[in-house]
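[1] got a predicted structure plus its sequence, pasted below:
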Amino acid sequence: MKTSTLIRRFLPYFKKYKGTVAFDLICASLTTICELVLPLIVSEITDRATVDPASLTVQFVLKAGGLYILLRIIDAAANYFMQSVGHIMGSKMETDMRNDLFHHLQQLSFSYYSETKVGQIMARITSDLFQVTEFAHHCPEEFFIAGIKIVVSFVVLCGMNLFLTLLVFAVLPFMLIASYHFNGKMRRVMRARNKQVGEINAQVEDSLLGIRVVKSFANEAIEEEKFHEGNRRFLELKSESYKVMAQFGTSNRIFDGLMYIIIVMAGAILMGQAKLSIADFTAYLLYATVLLNSIRRIVEFTEQFQQGMTGIERFFEVLDAPEDIQDAPGAKKLGEVKGAVTFDNVSFHYADDDAEVLHHLNLTVKPGESIALVGPSGAGKTTLCNLIPRFYDVTGGRILIDGQDVKEVTQRSLRQAIGMVQQEVYLFAGTVFENIVYGKPGASRQEVEEAAKLAGAHEFIMALPNGYDTYVGERGVRLSGGQKQRISIARVFLKNPPILILDEATSALDNESEHLVQQSLEKLAHGRTVFTIAHRLTTIKGADTIWVLTENGVEEMGSHSELMQKGGLYAHLYAMYSSVEKV
């Protein structure tokens, strides 16, 4: 994005703090005035010393000194505000942006997360936005101060000697051209550098979350080598950014020197021709120093400016990611759900693949009916179930719940009516109670314990060191697979949804855990519309209807006994599974 576009889009974040920004700029102007008054005082003293030394009375010197001390007190107070309240304002803006970013991330569909590394997202929501904080605070005041100093210096210097001033300022266009050139290079390098920070975050996250796999294969050295390579690439990019900064700084030092030598040489000639007084020359040097310091400050701020612009650009890249799944205008709440689900000519393909996973599917499920989905991997079983809560949208046809198109109801009401128990259980870093109550925020302790009892989890929870207040560790690492699964089932019991999706909920468990969890699932399924995806075919014998999905769609449908009598694909799969189980 262009810098102007980024600034235009970033400005609304200042709106909330416009009073603070205005006062910050007033303080900036006060500090600038204090700095600009000193050369005038020095010029007046020098002029009196050369023209009329007797006029340098004690009273005059005390007045001049008192004025400067007063200005310094004002400068100190103004600088305190800029350093404290100004930085706090920047932090508040960072907080607002992080809130907006996290809110948007919550709205993005599964497809975004399947294509984006979490480490990259973490870099944008942390380090990138910290850079924006510094930019948000310093950018307005730095440019404002520099603008005042340049304009005032130009006006004052023109009053002293127009020719010399025009000669000095003639160098500025060349400085601006060099600045434009190096800014472009810095922006590209810093963007690559920030992206590499995200890559390092992603690699670290991947390695640490998979630490058990790493250690089980004794592949610590491989992980270290991968990290060293990413770290080395980051060093290269950071070194390149410092080289560009050094080139930029060097070019500006050359222009600084050029300006000073022009002032000294031209000033000496003009004094020799009596066209410039010693007092004016002294003041001229001081104002030229103020001017050059301002330009030097902007140069030093350039790195921070480019870091801020890069952070803003990466922030808006995420914010511009489209929300694939949105509530339709005027979407209504789903209301009380009986549980009838209809697939009306449903087709689906993923955004990055034109091959259809589901093709013109027409199926009807009655309220309270238990449906089992079986078939080879890749046949679309999980995809079909993910379409019901609108984790993805159908690309053709429609899905109805109790006669209402799921696209015409709010996502929140739709998903509140659906409970999911998956093979890969995710527990948050917190206590057992916090993980169960997630199914119904605000539920009482009694409700949570009742849900745990229904899930067959209460007994083992009470045996934990702190019962329901036991910390489960990141992703529930302190619990066994069966324990985690029963906590996830308790979470759904607490939610009490009319529609239930069981996605291979027991396939990763040992026989004893599977038996316990299966009992909990049977309780959970009672009286609800249930969709069960299972590879262990013995667990779905009691389903009302079994759908056998292949790449051609639903090839067979019926109860276990009906499909076994038919002797088709399901009977073949069941026989094959049974023989494997016996072995």
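    Sure, I can see it. Numbers count the residues shown, from 1 in each chain.

[2] from now on I want contacts and neighbour counts done on CA atoms only, so please keep to that.
    Will do.

[3] which residue packs closest to L292, ignoring adjacent ones?
    Spatial nearest neighbour of L292, chain neighbours left out: D256 (6.7 Å); criterion: CA to CA, 6 or more residues apart in numbering.

[4] which pLDDT value belongs to the one you found?
    At D256 the predicted local distance difference test score is 79.

[5] what strand or helix carries it?
    Using DSSP states H and E, the element containing D256 is helix 220-272.

[6] now swap in G527 and tell me
    Here G527 sits in a region with no helix or strand, counting by DSSP H and E.

[7] check the gap between it and Y13 for me.
    Relative to Y13, G527 is positioned 51 Å away (criterion: CA to CA, to the nearest Å).

[8] I501 too?
    Counting by CA to CA, the gap between I501 and Y13 amounts to 42 Å.

[9] of those two, which one has the most company?
    Neighbours were counted for I501 and for Y13 using other CA atoms under 10 Å; I501 has more, 24 against 16.

[10] now do the host helix or strand of that one: everything it contacts.
    Taking DSSP H and E as the definition, one finds I501 inside strand 499-503. Outside of strand 499-503, the residues that reach it under the criterion CA atoms under 8 Å, 6 or more residues apart in numbering are 339, 382, 385, 417-423, 525, 528-534.

[11] please, where are all the strands along the protein?
    Listed in chain order, the strands of the chain (DSSP state E) span 341-348, 358-365, 370-374, 396-401, 404-405, 418-422, 499-503, 529-533, 545-550, 553-558.

[12] and G330, which of these is closest to it?
    Shortest distance between G330 and those, using CA to CA, is found for strand 404-405: 13.2 Å.

[13] burial measure for G419, as a count.
    Counted with other CA under 10 Å, the burial measure for G419 works out to 22 neighbours.

[14] count of residues packed around the closest residue to it other than its chain neighbours?
    Taking CA to CA, 6+ apart, and ignoring the residues beside it in sequence, G419 has L500 as its nearest neighbour in space, at 4.8 Å. Around L500 there are 24 other residues, counting by other CA under 10 Å.

[15] quickly list what L500 is bridged to.
    G419, V530 (DSSP bridges).

[16] S84 - how many residues pack around it?
    The burial count assigned to S84 is 10, neighbours taken as other CA under 10 Å.

[17] same question, I125
    The criterion is other CA under 10 Å. On that basis, I125 has 22 neighbouring residues.

[18] in the protein, where is pLDDT below threshold?
    212, 216-217, 299-300, 303, 506-513, 577-583 (pLDDT under 70).

[19] state the distance from the residue nearest the centre of it to T410.
    Computing the C-alpha centroid of the chain and ranking residues by CA atoms, centre = their mean puts I125 first, at 3.3 Å. In this view, I125 and T410 are 28 Å apart by CA to CA.

[20] what separates I325 from L384, distance-wise?
    With CA to CA as the criterion, I325 and L384 are 16 Å apart.

[21] quick one: which of those two has more around it?
    Comparing I325 with L384 by neighbour count (other CA under 10 Å), the higher total belongs to L384, at 20 against 16.

[22] for the residue nearest to L464 when sequence neighbours are not counted, grab the count of nearby residues.
    Leaving aside its chain neighbours, L464 sits nearest to T470 (6.7 Å; criterion: CA to CA, 6+ apart). Residues within reach of T470, counting by other CA under 10 Å, total 17.

[23] next one: F227
    Counted with other CA under 10 Å, the burial measure for F227 works out to 18 neighbours.

[24] assess the claim that it and A202 are in contact.
    No - using CA atoms under 8 Å, F227 makes no contact with A202, being 10.2 Å away.

[25] thinking again about what came up before, can I get the strands of the chain in JSON lines with distance to I269?
    What follows is the strands of the chain, written out as JSON lines (distance: least, CA to CA, whole Å):
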{"stretch": "strand 341-348", "distance to I269": "83"}
{"stretch": "strand 358-365", "distance to I269": "87"}
{"stretch": "strand 370-374", "distance to I269": "95"}
{"stretch": "strand 396-401", "distance to I269": "84"}
{"stretch": "strand 404-405", "distance to I269": "87"}
{"stretch": "strand 418-422", "distance to I269": "86"}
{"stretch": "strand 499-503", "distance to I269": "89"}
{"stretch": "strand 529-533", "distance to I269": "93"}
{"stretch": "strand 545-550", "distance to I269": "94"}
{"stretch": "strand 553-558", "distance to I269": "94"}
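
[26] closest one to A218 among the ones you listed?
    strand 418-422 (29.8 Å).

[27] re earlier: nearest to I461, out of the strands of the chain?
    Closest to I461 of those, according to CA to CA: strand 418-422, at 19.1 Å.

[28] list the helices and strands that closest one packs on?
    Helices and strands touching strand 418-422, as assessed by 3 or more CA pairs under 8 Å, 6 or more residues apart in numbering; DSSP states H and E, comprise helix 481-495, strand 499-503.

[29] okay if I get these as TSV plus distance to S29?
    Supplementary listing: the helices and strands packed on strand 418-422 in TSV, determined by distance: least, CA to CA, whole Å:
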stretch	distance to S29
helix 481-495	59
strand 499-503	64
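
[30] nearest to G330, of those?
    The minimum distance between G330 and the helices and strands packed on strand 418-422 falls on strand 499-503, with 24.1 Å, by CA to CA.

[31] got the angle between the closest one and strand 370-374?
    Here strand 499-503 runs at an angle of 30 degrees relative to strand 370-374 (axes from the mean of the first three to the mean of the last three CA atoms, to 10 degrees).

[32] any idea how far strand 499-503 is from the chain center?
    Taking the mean C-alpha point of strand 499-503 and that of its whole chain, the gap between them comes to 31 Å (CA atoms, centre = their mean, to the nearest Å).
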